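K.L.:
model this:
(one chain, ligands or ions: 1)
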Amino acid sequence: DQGEVSATPQLFDVEYLAPVQIGTPPQTLNLNFDTGSSDLWVFSSETPQQSRGGQKIFEIEKSSSAQRLANNTWAISYGDGSRSSGNVYLDVVSVGGVNVFNQAVESATSVSSSFISDAASSGLLGLAFDKLNTVKPSKQKTFITNALESLELGVFTANLKKSEPGNYNFGFIDETEFTGPLNYVDVDSSDGFWAFQATGYSVEGASGNGTGSPVVPIAHNAIADTGTTLLLLPAGINQAYYRQVKGAKEDPQAGGWTVPCKADLPDLTLHIGSYKAVIPGELILFAPIDTDDIKTAKTCFGGMQSSAGMPFAIYGDVFFKAQFTVFDVENGKLAFAPK
Ligand SMILES: N#Cc1c(N)n[nH]c1N1CCCC1
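P.N.:
Residues are numbered from 1 along each chain as shown. Predicted coordinates:
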């Protein structure tokens with residue numbers, strides 16, 4: 001079996017939503033596919049009215065195949081301080097035609113403010129490792145773990161795009177979505193994340209001769225996380241990069257590095273083993289912070305920020321807009337390729 005779903009960016013590419021069918025008859029909800037967590041949770045008929053902000057909800061009572069997983073609950077909190085919790089059901093879940101029966105569908109009875117105010121997202125579909133699932137007392141499996149035996153190839157892939165829909169594929173690798181060979185890297189899933197080792201970076205134009213700075217070996221542990229918007233890297237990489245940008249500054253008021261919206265940003269190359277992952281400078285220009293009109297805005301937030309204080313760097317959506325990525329569940333590997 002195999003399937004493909006669109007991944008549609010919300011305003012300023014802050015998150016990407018994909019359609020998921022849940023229950024019988026199928027109810028389609030747009031969920032945030034998150035390779036940084038392992039719970040599939042939804043706004044539902046159990047979510048208090050006061051905690052809804054216009055999201056489409058999963059109407060549990062309308063699904064003839066929904067079964068309560070008695071005496072089990074879930075509660076999750078994310079790195080940005082957001083959190084949600086509730087009850088657990090088993091039901092049929094389909095993504096791009098890939099069907100999983102008896103998938104744990106976690107129904108929210110409580111959600112924090114940032115979820116309430118995100119009207120477009122009906123919840124999350126976790127794609128990290130089962131170890132991170134929060135259901136207690138019986139930890140549940142992710143959609144991809146449950147789907148694995150039915151998939152042609154034990155993989156899923158991410159092909160996100162700047163300001164236009166991309167896609168997630170399940171069970172196959174579409175060679176038309178990338179160029180050149182796939183570069184495989186080892187994954188350490190012992191903490192439940194798609195964690196890997198990056199070996200350094202270089203900044204185009206840094207040496208002034210256009211061939212880019214020498215590789216600076218700031219090796220760092222990183223996770224591949226589609227649920228994070230930006231590229232969060234060691235402070236030293238941020239300093240070396242933004243020092244090349246006239247008008248860039250680290251502004252605690254803004255929450256990090258800002259650049260003039262008209263800046264011509266250099267490319268950033270992330271060295272992963274022998275692979276050079278090039279992040280085009282224009283992807284490191286993120287949302288305007290002084291107005292909502294990018295045409296007149298003067299100051300923009302940087303698409304790369306510091307991971308200082310975090311246990312690892314986080315390769316978020318900015319990275320996946322530049323690099324086609326294979327999440328090889330079968331072999332516990334990641335693979336990257338330019339697009
Ligand atoms: N913070 C954070 C975070 C992350 N590292 N992966 N997914 C996250 N979220 C999903 C929905 C809210 C935050």
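K.L.:
alpha carbons only for contacts and neighbour counts from here, please
P.N.:
Noted.
K.L.:
got the residues of the stretch 1-150 of the chain near the ligand?
P.N.:
Within the stretch 1-150 of the chain, the positions adjacent to the ligand are 34, 36, 78-80, 82 by Cα under 6 Å from any ligand atom.
K.L.:
show me what contacts the closest residue to the ligand within the stretch 101-250 of the chain?
P.N.:
Using Cα to the nearest ligand atom, the closest approach of the stretch 101-250 of the chain to the ligand is made by Gly227 at 3.7 Å. Gly227 makes contact with 15, 32-37, 316-317, according to Cα atoms under 8 Å, 6 or more residues apart in numbering.
K.L.:
let's see 10 Å
P.N.:
Contacts of Gly227 were listed using Cα atoms under 10 Å, 6 or more residues apart in numbering, and they are 14-16, 32-37, 78, 124-127, 314-317.
K.L.:
Whichever of those end up buried, select them in PyMOL.
P.N.:
Of these, the buried ones can be selected in PyMOL as follows, counting by 16 or more other Cα atoms under 10 Å:
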select buried, resi 14+15+16+32+33+34+35+36+37+124+125+126+127+314+315+316+317
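K.L.:
which ones among the contacts of Gly227 are found in helices?
P.N.:
Of the contacts of Gly227, the ones assigned to helices by DSSP state H are Asp317.
K.L.:
and the contacts of Gly227, which of them are in strands?
P.N.:
In this view, those that belong to strands under DSSP state E are 16, 32-34, 124-126, 314-315.
K.L.:
Can you point out the helix or strand that includes the spatially most central residue of the chain?
P.N.:
Residue closest to the mean C-alpha point of the chain, counted by Cα atoms, centre = their mean, is Thr226 at 1.1 Å. Applying DSSP states H and E as the criterion places Thr226 outside every helix and strand.
K.L.:
what do you get for Phe196?
P.N.:
strand 195-198.
K.L.:
from the chain's centre, how far out does that strand sit?
P.N.:
Here the centre of strand 195-198 is set off from its chain's centre by 16 Å, with Cα atoms, centre = their mean, to the nearest Å.
K.L.:
got a list of contacts for it?
P.N.:
Taking Cα under 10 Å, 6+ apart as the rule, strand 195-198 contacts 36, 128, 185-189, 217-225, 270-275, 312-315, 333-334.
K.L.:
Go through the helix or strand containing Glu106 and flag the buried ones.
P.N.:
Glu106 belongs to strand 98-111 when elements are defined using DSSP H and E. Of the residues in strand 98-111, those buried by neighbour count under the rule 16+ other Cα under 10 Å are 98-100, 102-111.
K.L.:
I'd like the next helix or strand past the helix or strand of the chain with the lowest mean pLDDT.
P.N.:
Within the chain, no helix or strand scores below strand 200-203, which has a mean of 90 by mean pLDDT, DSSP states H and E. Sequence-wise, the next helix or strand downstream of strand 200-203 (DSSP H and E) is strand 220-224.
K.L.:
what's that next one in contact with?
P.N.:
34-36, 128, 187-189, 193-200, 231-234, 272, 307, 311-317, 319-320, 325, 327, 334.
K.L.:
For PyMOL, what selects the buried ones among those residues?
P.N.:
A single PyMOL command selects the buried members of these (16+ other Cα under 10 Å):
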select buried, resi 34+35+36+128+187+188+189+193+194+195+196+197+198+199+200+231+232+233+234+272+307+312+313+314+315+316+317+319+320+325+327+334
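K.L.:
Quick check: end-to-end length of stretch 140-158?
P.N.:
Distance between the two ends of stretch 140-158: 23 Å, counting by Cα to Cα, to the nearest Å.
K.L.:
quick revisit: TSV for the ones in strands among the contacts of Gly227, including pLDDT and distance to Ile22?
P.N.:
Shown next, in TSV, are those (pLDDT from 0 to 100; distance: Cα to Cα, whole Å):
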residue	pLDDT	distance to Ile22
Tyr16	98	19
Asn32	98	15
Phe33	99	15
Asp34	99	17
Leu124	98	13
Leu125	99	12
Gly126	99	15
Ile314	98	30
Tyr315	98	29
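K.L.:
Take those and lay them out in a markdown table including distance to Thr47.
P.N.:
Output for the ones in strands among the contacts of Gly227, formatted as a markdown table (distance: Cα to Cα, whole Å):
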| residue | distance to Thr47 |
| --- | --- |
| Tyr16 | 22 |
| Asn32 | 18 |
| Phe33 | 20 |
| Asp34 | 21 |
| Leu124 | 15 |
| Leu125 | 17 |
| Gly126 | 20 |
| Ile314 | 31 |
| Tyr315 | 32 |
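K.L.:
where do the helices sit along the chain?
P.N.:
Going by DSSP H, the chain shows helices at 113-116, 143-147, 235-242, 317-322.
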